[in-house]
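Enquirer: any chance you could fold what I've pasted below:
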Amino acid sequence: MSATNSPKAGWLTDDEPVNPERVLAALEDDACRTILEATSDDALTATELSEQCDIPMSTAYRKVETLTEASLVDEQVRINTSGKHATEYVRCFDDVVVSLSEDTGVVIELTQSESETAGTTAATTGHAVADD
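Expert: You can find the predicted model right below:
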């Protein structure tokens, strides 16, 4: 199987291709899907994900690792004014398109809305600032 991110406008273009097996395995997992729903609007820490998704902390950490390796969430740093920084996770796509052909096999494309690809935000810079 192969996977690439198409360079069309509104489509993610990472240097590394998306791994179809990892993406499909993550999307098959109930806890991963719950985390993807929770991170669709806001970046959340593993602790926040554990509470919001009603899953154990150890599961939250395992699942965000799975989602990060599948290129479905981005890891960023939440900078707190107290100096205690936290890693947070945010979903980095709007849609997943799965294609299957005899020539290319399984191809996964992750789409992102035009408004999210334009401009620089905390999600694209990898930093967010929060008060304690």
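
Enquirer: per-residue pLDDT, P17?
Expert: If you check P17, the pLDDT there is 75.

Enquirer: for this protein, which segments count as helices?
Expert: Using DSSP state H, the helices found in the chain span residues 20-28, 30-38, 46-53, 57-69, 114-117, 122-125.

Enquirer: run through the bridge partners of the most centrally placed residue in the chain.
Expert: Residue closest to the mean C-alpha point of the chain, counted by Cα atoms, centre = their mean, is V73 at 1.3 Å. Beta-bridge partners for V73, by DSSP bridges, are R91.

Enquirer: can you give me the neighbour number for the closest residue to T39 other than its chain neighbours?
Expert: Counting by Cβ to Cβ, 6 or more residues apart in numbering, R91 is the residue found nearest to T39 once chain neighbours are left out, at 4.3 Å. Where you see a C-beta, it was placed from the backbone N, CA and C, and this is true even at glycine. Using other Cβ atoms under 10 Å, R91 has 22 neighbouring residues.
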